[in-house]
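S.K.: all I have is the shape, not the residue letters:
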Ligand SMILES: [Zn+2]
């Protein structure tokens, strides 16, 4: 039993926002109210802290199996716990690809003793090769919560159309990595001022927008649900806004890097700022913020993409794309959107917990009595400096090292157990 005393409880799912105690018993939220008591409960003084549902990160690369020098399920979930993330949805671009019930069983086994819950995506196509569809019903039965070929855009409109019909029948959503592969090749940066300055070929915004428009139209035509991963451009936001107005079953996520950074970061940080889709322009960044504010963008995910120091110290053109994000996402979001007055805390928690849980159909993202006790306590105003050497992740590839952020995770509780405690509170 744990009793959280005098926290500011913010739960967008139930509309709760006020100072209360939370009693956690048998892994569930047992009671929320004033001046609760429970004999034998561990009491955590949460005065001055916010208590919110554990965050749900719907876009994470755990690299396990196959690339465990970058990350594995143990290190990735430890990183999640440090970041306040209690539900991790992991992408299937591993080795082997998660395209079978057998591969899903491996994930479930490896995640059994993880500090937070893991919800795997299954691949859309066998081997993520874009040729033949996987068996969606079998993947769902084996525990896949959604489908994606993330990392490899589904280039064939015909295959995507068939996938959406099959996904509709199996009740799963497809998360789409929208970039026209032929247009972006293996280019390192946005096509624009920075690519020009560096004399490199760039990844044009239109390569993303064409695919967003295609998938919105296919979702409309098939009546299936589609989710757009890591939205990075102004026109993508506009296409999604219009599709929603037309009643299309479309949802979308963005990531902290797209509302905090622009392509200029590549000039300062080189390979560390290389990510797919690439960092864009200030106009794009502002449109992403607007999309978060007006509900066009439903969720904030990290696209946590660990790579080794050796890989990321290669020249810009040879380094792999991606950055880690689990241990900085809440603080980056609070710093960029809450402490600037752009979003209320309840909106941020909806974007990072309630909404992604709803999109994936997870039993998570809520503090309702009876729910699984995934709770995060954070100090909204505490400042700290990102120190990558302290990450629980195996990887260090962040462009945010040395950055001062405001908002710090103090405790992460997963299924009623303390999964992480900030050292100043006496550790775990
Ligand atoms: Zn992706």
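M.R.: Noted; the coordinates are in hand. Since this is a predicted model, take the numbers as computed values, not measurements.
S.K.: centroid residue for the protein?
M.R.: With distances taken as CA atoms, centre = their mean, residue 301 lies nearest the centre of the chain, 2.3 Å away.
S.K.: quick check: that residue touching residue 353?
M.R.: No - Residue 301 is beyond contact range of residue 353, at 11.4 Å (criterion: CB atoms under 8 Å). Yep, even glycine has a C-beta here, placed from its N, CA and C like the rest.
S.K.: find the closest residue to the ion in this structure.
M.R.: Going by CB to the ion, the ion is nearest to residue 177 of the chain, at 3.6 Å.
S.K.: can you give me the neighbour number for that residue?
M.R.: 23 (other CB atoms under 10 Å).
S.K.: leaving out sequence neighbours, find the closest residue to it.
M.R.: residue 150 (4.6 Å; CB to CB, 6 or more residues apart in numbering).
S.K.: element containing the residue nearest to residue 331 when sequence neighbours are not counted?
M.R.: Closest residue to residue 331 apart from its sequence neighbours, by CB to CB, 6+ apart: residue 405 at 3.9 Å. Assessed by DSSP states H and E, residue 405 sits inside strand 404-414.
S.K.: so which elements touch the helix or strand just after that strand?
M.R.: Using DSSP H and E, the next helix or strand after strand 404-414 towards the C-terminus is strand 417-421. Secondary-structure packing of strand 417-421 (3 or more CB pairs under 8 Å, 6 or more residues apart in numbering; DSSP states H and E): helix 73-82, strand 404-414.
S.K.: what angle do the longest one and strand 417-421 make?
M.R.: Relative orientation of strand 404-414 and strand 417-421, computed by axes from the mean of the first three to the mean of the last three CA atoms, to 10 degrees: 160 degrees.
S.K.: how far off centre is strand 404-414?
M.R.: In terms of CA atoms, centre = their mean, to the nearest Å, the centre of strand 404-414 is set 16 Å apart from its chain centre.
S.K.: could you figure out how far it is turned away from helix 73-82?
M.R.: 110 degrees.
S.K.: what about residue 94, distance to residue 306?
M.R.: For residue 94, the distance to residue 306 equals 12 Å [CB to CB, to the nearest Å].
S.K.: ok, residue 127 - how many residues close by?
M.R.: 14.
S.K.: can you pull the pLDDT of the residue nearest to it when sequence neighbours are not counted?
M.R.: Sequence neighbours aside, residue 97 is the residue nearest to residue 127 in space, at 5.2 Å (criterion: CB to CB, 6+ apart). The model reports residue 97 with a pLDDT of 98.
S.K.: now for residue 97, how many residues are close by?
M.R.: Neighbours of residue 97 (other CB under 10 Å): 23.
S.K.: residue 59 versus that one, what's the distance?
M.R.: Taken as CB to CB, the span from residue 97 to residue 59 is 17 Å.
S.K.: doesn't the residue nearest to residue 127 lie inside a helix?
M.R.: No - going by DSSP: H, G, I helix; E, B strand; the rest coil, the assignment for residue 97 is coil, not a helix.
S.K.: looks like residue 197 contacts residue 267 (just checking).
M.R.: Yes - using CB under 8 Å, residue 197 is in contact with residue 267, at 7.2 Å.
S.K.: near the ion, which residues of the chain show up?
M.R.: Within the chain, the residues that sit near the ion (CB under 5 Å from the ion) are 150, 177.
S.K.: swap in 8 Å and give it another go.
M.R.: For the chain, the contact set with the ion under CB under 8 Å from the ion comprises 59, 91, 150, 151, 177, 229, 230, 276, 277, 303.
S.K.: turn those into TSV, columns for secondary structure.
M.R.: Formatted as TSV, the residues of the chain next to the ion follow (three-state DSSP):
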residue	secondary structure
59	strand
91	coil
150	coil
151	coil
177	coil
229	coil
230	coil
276	coil
277	coil
303	coil
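S.K.: out of those, who's nearest residue 314?
M.R.: Of all those, the one with the least separation from residue 314 (CB to CB) is residue 276, at 15.7 Å.
S.K.: mind giving me the domain split of the protein?
M.R.: Domain assignment for the chain, taken from automatic domain parsing, gives 2-51+372-425, 54-360.
S.K.: out of those, indicate the one that is most buried.
M.R.: domain 54-360 (a mean of 21; mean count of other CB atoms under 10 Å).
S.K.: how long is that one from one end to the other?
M.R.: 15 Å (CA to CA, to the nearest Å).
S.K.: show me the one of the helices and strands packed on strand 417-421 that comes nearest residue 235.
M.R.: Closest among those, using CB to CB: strand 404-414, at 29.8 Å.
S.K.: that closest one: partners in the sheet, and parallel or antiparallel?
M.R.: strand 375-385 (antiparallel), strand 417-421 (antiparallel) (DSSP bridges).
S.K.: could I get the average pLDDT for that strand?
M.R.: pLDDT averaged over strand 404-414 gives 98.
S.K.: what's near enough to touch the nearest residue to residue 270 once chain neighbours are set aside?
M.R.: Leaving aside its chain neighbours, residue 270 sits nearest to residue 316 (5.3 Å; criterion: CB to CB, 6+ apart). Taking CB atoms under 8 Å, 6 or more residues apart in numbering as the contact definition, residue 316 lies against 188, 189, 198, 200, 266, 270, 271, 274.
S.K.: just confirm residue 316 is within a strand.
M.R.: No - according to three-state DSSP, residue 316 belongs to no strand; its state is coil.
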